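A.B. asks: Whatever this is, show me its structure:
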Amino acid sequence: MEVTEVLLNAQSIDGAVRKNAEESLKQFQELNLPDFLLSLSGELANEEKPVETRKLAGLILKNALDAKEQQRKFDLIQRWFLLDANAKSQIKACLLKTLSSPIFNARSTASQVIAKVAGIELPQKQWPELIVSLLSNVHQLPGYAKQATLETLGYLCEEVSPDVIDQGQVNKILTAVVQGMSASEGNTDVRLAATRALYNGLGFAQANFNNEMERDYIMRVVCEATLSPEVRIRQAAFECLVSISSTYYEKLAPYIHDIFNVTAKAVKEDEEPVALQAIEFWSSICDEEIDILEEYGGDFTGDSDIPCFYFIKQALPALVPMLLETLLKQEEDQDQDGAWNIAMASGTCLGLVARTVGDDIVPPVVPFIEENITKPDWRQREAATYAFGSILEGPSPEKLMLLVNVALTFMLSALTKDPNSHVKDTTAWTLGRIFEFLHGSAVDSPIITQENCLQIVTVLLQSMKDAPNVAEKACGALYFLAQGYEDAGQSCPLTPFFQEIVQSLLTVTHREDAGESRLRTAAYETLNEVVRCSTDETAPLVLQLVPVIMMELHNTLEGQKLSSDEREKQSELQGLLCGCLQVIIQKLGSSESSKYLFMQYADQIMGLFLRVFACRSATLHEEAMLAIGALAYAAGPDFAKYMPEFYRYLEMGLQKFEEYQVCVVTVGVVGDIARALEEKIVPYSDGIMTQLLKNLSSNQLHCSVKPPIFSCFGDIALAVGVYFEKYLMWGMSALQRAAELSTHTAGDDELIEYTNSLRNGILEAYSGIFQGFKNSTKTQLLISYAPHILQFLDGLYMEKDMDDLVMKTAVGVLGDLADTLGGHAGSLIQQSPSSKDFLNECLSSEDHMIKESAEWAKLAISRAISVWGSC
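C.D. replies: A predicted model of the protein is given here:
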C-alpha cells in the first residue's frame, strides 16, 4: 500500500475519497499490524514526505497505542506487546530520529508517540535505553531537537508514575529540564518546553524538594522564569508555582515572600493569562489551608502530617488590597455564559481567602465596600457588591449579621433600580449568597422576618423578568431562600406567596430567551426546591401543579420534525420536566392524605414516562428512571400493574454498559421497585438477577455500577424472601469475590471512598439476604457462608479505614447474622478475632446511628450465644 497517498486521501475534502482511505487504513491495521505501524513510523520520520501526511501518520500511530475506553486501551497494549521485537525496535528508532526533524508538527507528534510507547514499556522494564538517549539529545544542537526532547520528557512524565523511573534518572531528567528553563538558555522554544516539562515532572521531584539545596535551585529558576520576556514562559512558570503550591505546600515557607512579590507584579502589570495563573497560586494555597484546617481543626500536634503555615493569614494585609483592586478590572461582556476574567478570578480567590481566615477577612474588606457601593461608575458598584458576596462564607454569622442587615435593604433596592445589568447580576448573586449562608434553622438571628419577607419575594419575582443573566441569579436567590425554610415546620413565611412564586417560575420557563444563561434550568431547579421545602398547607397547590407539568411534558412528546439542535434542547426540557415530576411525586407521596389524591394521576404520569423512553437521550432516560423510582415508592404494591410494560425498559437500562450513569440509576430503581412490590416482584426477579450477575461478570462494566448492584441484591432478597434461594450460590459467590478485593485498600482518597462504597453495597446485600431468610425453614442454607462473612468483617476492622456508613452497616450485618442463624452464629462470633472489639468500638461511637445499630446487634448476639450455650 502506498501509505502517503492514502494518508493524503484521508484528509480529502471529498467525503467519498476520505471514507475510502479511512477504510483502507482500517483494513491495513487489522490485517497486518506490524507493517501498518512500521509504515506510519517511516512516514513520520521521512523528511521528503508532506507535512500533513507525517502529522496524520503520527496521530494514527498514537491512537493505535492508546484509547480513552479502558478495555480498548488494554487490548491495544496487549497487541503492542505481541509485536515482533525487531518491528518494535524499528518503530522506536524512527520515532527517536523524528525528534531531530526541522518540521515542528513532525517533532511534536513524535514526542507524544514516544511517551505513549514509554507508558507501555517502562513499567515492564522495557526500553531501558530511552531516557539515556533522550538526555544525550538535550545536550545537542540544533535547538529544535533540544526543544522536542524536552517536550518528550514532559509527556513521558505524564504517562508513567514516579515509581517507574529510578531516582538517579529522575535527578538527570530534572537537571536537564531546570537547566533548559534557566535565563541563560537563549532559545525561547527550548525554555518554554523545559518549563512545561517541569510542570509535568513535579510529581517525580519529591526527593529533590526534600533536599534544601536542590529545592532552592528549582524555586529560583521557576521564579526567574515568571519574569521572562516571553509571555508563554511566564504563564507556564506560574502554572508550575500553582502545582508546587499543592504538591509541596509544606516546603514553601522560605519562598513565600518572593512568590508574593512576583505574583503581585504579574496581577498588577502582566497580560491576563499570566495574571490569572498568579491569582490561581493564592487560590491554590487557600485550598490547601482550608483542607488542612478542616482535617485537623486547627489543632496541630507533633503527629500532624502537614501543619498549617497560615500563609494566607500572614499575607492578608497585602493580598486583600491586591485582590480588591483587581475586582475593578471587569469586562463589558463578562456576564456572557462561560466568561472568565481577572476580576472573576480575584473574587473567587477572595471567597477562598474568607473561608481560610474567617472573621479576619471582614475588617480589610468593609471599607472597600463602603467606599465604592454608591459610586457613579458601575465598575466600582459591581466590585463592591462582588467583594461583599465573596466574603459571606467563612466568617461567623455574628461577625456579618450587622453588616448584612444594613446591606439587605440596599441590595433589594439596587436589584430593581440600578441602571447597570452587571451590577444587578452581581447583586442578585450576592442575595443568593446571603440566603445560602446566613439564613435557615442553623442561624440564631434571622435576617428574614415577617416584615421584610414580602419585599424580598416581590423584588426577586420582579427581577425574574429582567435580562436572562439577572433573572437566572434571582432564581438562584429564591432557591436558597426556600431552602432556608426546609426545617421550618408548618410556620413558613413563604407559604402565603407559594402560588405566586410557582406561577412566576413557570412564566420564566416559557420566556423566549429562557435558553440563555441557564435560565430555564435555574427556574425548574428553583421550582423543585420551592416544592420540596413547602409545608403541608400548600399540598393542594402542589397537587394542582401535577396536571400542568404533565401537559408540558405531553406537549414535548407530540410528533414534531426537529433539527438535531432543537431535539437536544427538547431532550433537556423533557429531562427538567421529569425531574420536576419526581420532586412533586416525592412531596405528595410523603403523607397519606396527599398521596391518595395524587394517585389519580399515576396512570397518566406512568404513560408519559414510558413515552419518554422512546426518545434517544441517556440523560433523559436517567431523569425518567429516577421519577419512576419515586412513583414506585409512592404507589407501593400497586406499582405491579405497570411492570408488564415497564419491565423491558428496566432491562434495557440494566444492559446499558456504555451509558453507565443510566445503568447506575436503573439499578437503584430496581431497588425502589423491589421495596415497593415486595413479593410481587417475583415474576421479574429471574430476569433482573440474571442481568445483574451478567453485569458483574463483564469487564466492560464501569466500577461505579458495582456497589449499587450489590445493594440491589439485598433489596431483592428482602422482597422475595426464601425465593432468593435459586440465586443464592451465584450471588454469594459474586459477593465473596468482591469482599476479598475490598478488604485491602491502598491508594488515594478517591480510591478509599470508592472501596467504602463497594463495601457498603456488599454489606447491604448480606443484610438483605439474612433478613429475607429470617424465620424461614431455610436459614440453614446460609450457615456455610457465615465464616466468610465474619472473616470479611474482621478484615474491615483490621484495615481501620471504614467510614461511618460502612461501620454502621457492618455492625448491622453482625447483628443480622446472629439474629437469623441464632445458635449457629453464636459459636462463630465468639471465635471471631475482632467481633467483640468491633462491637465495643461501635457501642462507644459518638455517631448516634452507629451506636443504635451496635446496641441492637449486641442484643441479637447475646441471644445467639445463649442459644448456642444451651445446646
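
A.B. asks: which residues in the stretch 601-750 of the chain form helices?
C.D. replies: For the stretch 601-750 of the chain, applying DSSP state H, counting those that start in this stretch gives helices covering 602-612, 618-635, 643-655, 660-677, 682-697, 706-720, 725-743, 749-773.

A.B. asks: buried sites along the first one?
C.D. replies: In this case it means helix 602-612. 602, 605, 606, 608, 609, 610, 611, 612 (16 or more other CB atoms under 10 Å). To be clear about C-beta, it is placed using only N, CA and C from the backbone, and glycine gets the same treatment.

A.B. asks: how near is the fourth one to residue 631?
C.D. replies: Distance check for residue 608 against residue 631: by CB to CB, to the nearest Å, it reads 11 Å.

A.B. asks: thinking again about what came up before, relative to residue 529, which of the helices of the stretch 601-750 of the chain is closest?
C.D. replies: Of all the helices of the stretch 601-750 of the chain, it is helix 618-635 that lies closest to residue 529, at 15.8 Å by CB to CB.

A.B. asks: what mean pLDDT does the closest one have?
C.D. replies: The average pLDDT for helix 618-635 rounds to 93.

A.B. asks: per-residue pLDDT, the most centrally placed residue in the chain?
C.D. replies: Using CA atoms, centre = their mean, the residue of the chain that lies closest to the mean C-alpha position is residue 750, 10.5 Å off. Note on residue 750: pLDDT of 76.

A.B. asks: before we move on, what about residue 869?
C.D. replies: Value for residue 869, per-residue pLDDT: 56.

A.B. asks: Including pLDDT and distance to residue 24, could the buried residues of helix 602-612 go into JSON lines?
C.D. replies: Formatted as JSON lines, those follow (pLDDT from 0 to 100; distance: CB to CB, whole Å):
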{"residue": "602", "pLDDT": "96", "distance to residue 24": "57"}
{"residue": "605", "pLDDT": "97", "distance to residue 24": "53"}
{"residue": "606", "pLDDT": "96", "distance to residue 24": "51"}
{"residue": "608", "pLDDT": "96", "distance to residue 24": "49"}
{"residue": "609", "pLDDT": "95", "distance to residue 24": "47"}
{"residue": "610", "pLDDT": "94", "distance to residue 24": "45"}
{"residue": "611", "pLDDT": "93", "distance to residue 24": "44"}
{"residue": "612", "pLDDT": "93", "distance to residue 24": "42"}
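
A.B. asks: Looking at those, which one is closest to residue 120?
C.D. replies: For the buried residues of helix 602-612, the nearest to residue 120 is residue 612 (44.0 Å; CB to CB).

A.B. asks: Surely that closest one is in contact with residue 621?
C.D. replies: Yes - counting by CB atoms under 8 Å, residue 612 touches residue 621, with 7.4 Å between them.

A.B. asks: which residues touch the strand or helix carrying residue 314?
C.D. replies: Assigned by DSSP states H and E, residue 314 belongs to helix 311-326. Residues from elsewhere that reach helix 311-326 (CB atoms under 8 Å, 6 or more residues apart in numbering): 252-253, 256, 260, 264, 267-268, 275, 279, 282, 285-286, 289, 342-343, 345-347, 349-350, 353, 356-357, 360-361, 364-365, 368, 383, 387.

A.B. asks: can you check stretch 201-210 too?
C.D. replies: Counting by CB under 8 Å, 6+ apart, 153-154, 157, 162, 165, 167, 170-171, 173-174, 177, 214-215, 218, 240, 243-244, 247-248, 251 sit against stretch 201-210.

A.B. asks: Would you enumerate the residues in contact with residue 226?
C.D. replies: By CB under 8 Å, 6+ apart, the neighbours of residue 226 are 234, 237, 238, 241, 262, 266.

A.B. asks: Quick check: phi and psi at it.
C.D. replies: phi -70, psi -10 (degrees, to the nearest 10).

A.B. asks: same question, residue 466
C.D. replies: Per degrees, to the nearest 10, the backbone of residue 466 is at phi -80, psi -170.

A.B. asks: what's the closest non-adjacent residue to it?
C.D. replies: residue 424 (6.5 Å; CB to CB, 6 or more residues apart in numbering).

A.B. asks: The stretch 151-300 of the chain: strands as residue ranges?
C.D. replies: Ranges of strands in the stretch 151-300 of the chain, per DSSP state E, counting those that start in this stretch: none exist.

A.B. asks: Helices along that one, start to end?
C.D. replies: 167-181, 188-201, 206-210, 212-225, 231-247, 256-269, 272-296.

A.B. asks: For the first one, enumerate the helices and strands it packs against.
C.D. replies: Using 3 or more CB pairs under 8 Å, 6 or more residues apart in numbering; DSSP states H and E as the contact test, the elements touching helix 167-181 are helix 130-138, helix 143-159, helix 188-201, helix 206-210, helix 212-225.

A.B. asks: buried stuff in that helix?
C.D. replies: 169, 170, 171, 172, 173, 174, 176, 177, 178, 179, 180, 181.

A.B. asks: any idea which of those residues is closest to residue 200?
C.D. replies: Residue 200 has its nearest neighbour among those in residue 177, at 9.3 Å by CB to CB.

A.B. asks: show me the contacts for residue 49.
C.D. replies: Per CB under 8 Å, 6+ apart, neighbours of residue 49: 4, 43.

A.B. asks: And it, its phi and psi?
C.D. replies: The phi/psi pair for residue 49 (degrees, to the nearest 10) is phi -90, psi 160.

A.B. asks: overlap in contacts of residue 612 and residue 621?
C.D. replies: Between them, residue 612 and residue 621 share no contacting residue, judged by CB under 8 Å, 6+ apart.

A.B. asks: by contact count, what packs against the helix or strand hosting residue 105?
C.D. replies: Following DSSP H and E, one finds residue 105 within helix 104-121. Contacts defined by 3+ CB pairs under 8 Å, 6+ apart place helix 104-121 against helix 33-45, helix 51-63, helix 70-81, helix 85-98, helix 130-138, helix 143-159.

A.B. asks: Apply 7 Å and report the result again.
C.D. replies: Packing partners of helix 104-121 (3 or more CB pairs under 7 Å, 6 or more residues apart in numbering; DSSP states H and E): helix 33-45, helix 51-63, helix 85-98, helix 143-159.

A.B. asks: Now do that helix against helix 70-81, angle only.
C.D. replies: 90 degrees (axes from the mean of the first three to the mean of the last three CA atoms, to 10 degrees).
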